[in-house]
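[1] Let me see the structure of the following:
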Amino acid sequence: MILNEKMAELEERLSGLHDRIRLYQKIPPQNLEKEIQALAKERSLNRQELEKKLYSSKAEMVRALGSMYQEIQGVIRKGIKNLEEKAPGDGGDKDAEGKILLAEYALDFACQAADCSLQLSLEAMNAQLLQEQGKKK
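    Down below sits the predicted model:
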C-alpha cells in the first residue's frame, strides 16, 4: 500500500533529521554555515518537486491541495518575517534564544503534521476496507 511506502519515507527522513542534528552539534561554525546553505538549497529543490507534483496532477483534489500549500507557505514566510521584525536579535544570546524557540516550535508543528497524517492514513484505510466490504456483499 502506498501509505506504507510514505510512512517508511517519513521514518527515514525523521531518523536522518535526528542524525543530522546530532552531527551538526559537533562541527565548527564555518562548516555549519555551509551545511545551512546546502540544506536551504535542498529544501528549495524538494519544495519545487512537491509543487510540480501538486500543480501537474490531473486530480482536482490534488490541485486544490497545491493551492492550499501555496497559501500556507506564504503565511509561514510572512509570519517568520513578522517574528524577526518584532524580536530582532543583537547577534548575541537573544538572537540564539529566538532561533532555538523557532526551531523548537517548528519541531512541535512537525509532530502535529505527523499526527494529522496518521489520522488521515487511518481514515483512508478505513474507507478502503469499507469499500472492499461493500463490494463483497
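[2] Is the residue most central in space within the chain within a helix or a strand, and which one?
    Here the mean C-alpha position of the chain is nearest to the C-alpha of Ala110 (C-alpha atoms, centre = their mean), at a distance of 6.2 Å. Here Ala110, judged by DSSP states H and E, is contained in helix 93-136.
[3] Does that helix pack against any helices or strands, and if so which?
    Using 3 or more C-beta pairs under 8 Å, 6 or more residues apart in numbering; DSSP states H and E, the elements in contact with helix 93-136 are helix 2-24, helix 60-86. Heads up, the C-betas are built off the backbone N, CA and C, glycines and all.
[4] which one of those lies closest to Glu51?
    Glu51 sits nearest to helix 60-86 of all those, at 6.8 Å, using C-beta to C-beta.
[5] Burial check on Leu32, number of neighbours?
    Using other C-beta atoms under 10 Å, Leu32 has 13 other residues around it.
[6] Which residues are in contact with it?
    Going by C-beta atoms under 8 Å, 6 or more residues apart in numbering, Leu32 touches Tyr24.
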